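> Quick one: sequence and predicted model below, then my questions.
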Amino acid sequence: MSANNTSNFDSTNFIPENPPLIYGLDHECRSLCAQYNDSLPTRFFVGTQSLEVASNQVHLLEYVEENDSLAKAVFKHGLGEIWHLISPSKTPNQLITCYTSNSNLNKVENHCSLWRLPIDVSENLREDDAQTIMDLEKIHDFNQDNLGTDESIGKIGRLKPDDENELILMMDTKLAHFDLTSQRLIGIISNENQTIKTTSRLSRLNTFSWSPHFNGNLLCLVSNNNIYSKDLRSANSAWNIPQAHSQTVRDIDFNPNSQYYIASCGDDCEVKFWDIRNVTKPALKMLHHSHWLWSVRYNSFHDHLVLTSSSDGNVNLLRASTIASQPYGHLIEDELDEEDINIKEMLSAKQKLQDGLIVKFQDHEDSVYSIEWSPNDPWLFASLSYDGRFIINKVPESEKLSIID
């Protein structure tokens, strides 16, 4: 573990200024995404995983700040268990779901569909939206019939950052690249990597992410415990991190404000931060969970704030100040004269002490598979556990004050 993982915030005695806002669903859940649109209130989509295929649903949950409550709308998703949700920010009346269903041969099949929401999402959700379970309107199916491969579409999809005019869906060992406007297949992206040698069993993809930097030309792929890049212009790998973790890597996330940093987490209970300019060792690593990590998310407003979630039932709020786009003391340090060496050293020492666990949120009673920051409130985030418990929490006031003061 890195030495830079201490914190001067006593998370064990943390008493939240505001109690968590808890919403319960009737079915098991894994999928959670924020509705990314600056002109809309804070909203999250949640998808269910009921074994009774026809009873699956999508819940749209809107945070009402005035009375710290939730408004909701519920939609039918009777085609299968939802594994992943994508909310296009430029078309907030649409939703993409990755899901599994049973075929006529009683075989589990993976699917991905584009839907239109049957309500006006430009307005705040109303009470009558919660009274009726509405049908989603299907626009298109992205299925494997025209992919030229016997592999099925996987359980994860990503939109091209910023433009959102392209969609990549993960398959078993490949990626399917679509033009979202025409819904046509652009091509198949192989996960082959000459630097990292794996057996066929371990060459299956766990997850991937699409970098918001480099003009949308860079992907980050995960196979078992290996992490590597893929340049869409040349299909070459710019960097590789073989055996990035000692066990399976479950999730990765790009720092939205710094093009050179990514975070990874997995079954070894660790979260690691990598500088892709030098991947010989992690730039920072932390161990504050006692079981598998399922998700890691950077705060897009203040990228030294990072969330992790785990099968230990906890959500951790971490501080990674020393590798943030603007670490604590950064602006002050730039203004100091060269002779102010003592002050610079003191600021540097302070920055090192800031990294680590800020607080452990222990409101869940089951594995927490998904976490997401609010797209328009830097201090608010949501988490979702397998038992259907959706929770909204906030960054502690003391941490917030230390940032804005």
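That came through fine. Numbers count the residues shown, from 1 in each chain.
> which stretch of helix or strand covers residue 227?
Element membership of residue 227 [criterion: DSSP states H and E] is strand 226-231.
> Can you give the strand pairings for that strand, parallel or anti for each?
In the sheet, strand 226-231 lines up against strand 218-223 (antiparallel), strand 240-241 (antiparallel) (DSSP bridges).
> And the strands in the stretch 1-150 of the chain?
21-24, 29-34, 43-48, 57-64, 69-76, 81-86, 94-102, 108-116, 133-135, 137-142 (DSSP state E, counting those that start in this stretch).
> avg pLDDT for the fourth one?
Right, the one you point to is strand 57-64. Strand 57-64 shows an average pLDDT of 97 in the prediction.
> for that strand, packing partners?
strand 43-48, strand 69-76, strand 389-394 (3 or more C-beta pairs under 8 Å, 6 or more residues apart in numbering; DSSP states H and E). Bear in mind the C-beta positions are built from the backbone N, C-alpha and C, glycine included.
> Same question for the first one.
Applying 3+ C-beta pairs under 8 Å, 6+ apart, one finds that strand 21-24 makes contact with strand 69-76, strand 389-394.
> Compare these and report which one is nearest to residue 362.
Of all the helices and strands packed on strand 21-24, it is strand 389-394 that lies closest to residue 362, at 10.6 Å by C-beta to C-beta.
> hmm, back to that, which one of the helices and strands packed on strand 21-24 is the most hemmed in?
strand 389-394 (a mean of 21; mean count of other C-beta atoms under 10 Å).
> Mind listing residues that contact it?
16-18, 20-25, 29, 32, 44, 46, 59, 61, 63, 70, 315, 361, 363-366, 379-385 (C-beta atoms under 8 Å, 6 or more residues apart in numbering).
> Just the buried residues out of the residues you listed, in ChimeraX syntax.
Selection of the buried residues among these in ChimeraX, burial being defined by 16 or more other C-beta atoms under 10 Å:
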select :20,21,23,25,29,32,44,46,59,61,63,70,315,361,363,364,379,380,381,382,383,384,385
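> how about the helices of the protein, start to end?
330-335, 341-354, 397-404 (DSSP state H).
> Return the member of the ones you listed having the minimum mean pLDDT.
helix 330-335 (a mean of 42).
> in the protein, which segments are predicted with low confidence?
For the chain, residues meeting the criterion pLDDT under 70 lie at 1-16, 103-105, 144-146, 148-149, 193-202, 327-353, 405.
> Closest to the centroid, which residue in it?
Nearest residue to the geometric centre of the chain (C-alpha atoms, centre = their mean): residue 297, 5.2 Å.
> Write down the beta-bridge partners of that one, one by one.
residue 307.
> Go ahead and confirm it touches residue 253.
Yes - counting by C-beta atoms under 8 Å, residue 297 does reach residue 253; the two are 5.6 Å apart.
> circling back to that earlier point, can you say which of the helices and strands packed on strand 21-24 is nearest to residue 220?
Comparing the helices and strands packed on strand 21-24 against residue 220 with C-beta to C-beta, the closest turns out to be strand 389-394 (27.6 Å).
> Partner strands of that closest one and their direction?
strand 21-24 (antiparallel), strand 380-385 (antiparallel).
> what angle separates it from helix 397-404?
50 degrees (axes from the mean of the first three to the mean of the last three C-alpha atoms, to 10 degrees).
> Run the angle between strand 389-394 and strand 29-34 for me.
Orientation check (the same axes, to 10 degrees): strand 389-394 against strand 29-34 gives 30 degrees.
> Beta-bridge partners for the residue nearest to residue 49 when sequence neighbours are not counted, please?
In space, and not counting its chain neighbours, residue 49 is closest to residue 81: 4.1 Å by C-beta to C-beta, 6 or more residues apart in numbering. Per DSSP bridges, residues listed as beta-bridge partners of residue 81: residue 100.
> what's residue 81 in contact with, if anything?
Contacts for residue 81 were tallied using C-beta under 8 Å, 6+ apart; they are 48, 49, 50, 51, 53, 56, 99, 100, 101.
> if we go to 7 Å?
Going by C-beta atoms under 7 Å, 6 or more residues apart in numbering, residue 81 touches 49, 50, 56, 99, 100.
> I'd like the distance from the nearest residue to the second one once chain neighbours are set aside to residue 142, if you could.
To tie it back to what came earlier, the one meant is residue 50. When the adjacent residues along the chain are set aside, residue 50 lies closest to residue 27, with 4.1 Å between them (C-beta to C-beta, 6+ apart). Computed as C-beta to C-beta, to the nearest Å, the residue 27 to residue 142 distance reads 24 Å.
> ok, back up a step: any idea how far the residue nearest to residue 50 is from residue 82?
Residue 27 sits 10 Å away from residue 82, taking C-beta to C-beta as the criterion.
> Give me the distance from stretch 237-248 to the chain's centre.
Taking C-alpha atoms, centre = their mean, to the nearest Å, one finds the center of stretch 237-248 at 19 Å from the center of the full chain.
> what distance separates the start and the end of that stretch?
Using C-alpha to C-alpha, to the nearest Å, the end-to-end distance of stretch 237-248 comes to 21 Å.
> list the buried ones in that stretch?
237, 239, 240, 241, 244, 245.
> Repeat that for stretch 61-68.
Buried, per 16+ other C-beta under 10 Å, within stretch 61-68: 61, 62, 63.
> Of the residues you listed, just say which sits nearest to residue 152.
residue 61 (30.2 Å).
> Any idea what that closest one is bridged to?
With DSSP bridges as the criterion, residue 61 is bridged to residue 44, residue 72.
> From residue 191, how far out is it?
Distance of residue 61 to residue 191, given as C-beta to C-beta: 35 Å.
> what's near enough to touch residue 294?
250, 251, 309, 310, 311, 367, 368, 369.
> If you tally nearby residues, what's the number for the nearest residue to it once chain neighbours are set aside?
Counting by C-beta to C-beta, 6+ apart, residue 369 is the residue found nearest to residue 294 once chain neighbours are left out, at 4.9 Å. A count of nearby residues for residue 369, using other C-beta atoms under 10 Å, gives 23.
> can you check residue 257 too?
Residue 257 has 18 nearby residues by other C-beta under 10 Å.
> That one contacts residue 303, correct?
Yes - if you go by C-beta atoms under 7 Å, residue 257 and residue 303 touch, sitting 4.6 Å apart.
> any residues in contact with both of those two?
Joint contacts of residue 257 and residue 303 (C-beta under 7 Å, 6+ apart) are residue 325.
> Could you export the strands of the stretch 1-150 of the chain to TSV, including columns for distance to residue 124?
As requested, those are exported to TSV (distance: least, C-beta to C-beta, whole Å):
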stretch	distance to residue 124
strand 21-24	17
strand 29-34	16
strand 43-48	10
strand 57-64	7
strand 69-76	7
strand 81-86	21
strand 94-102	18
strand 108-116	19
strand 133-135	17
strand 137-142	21
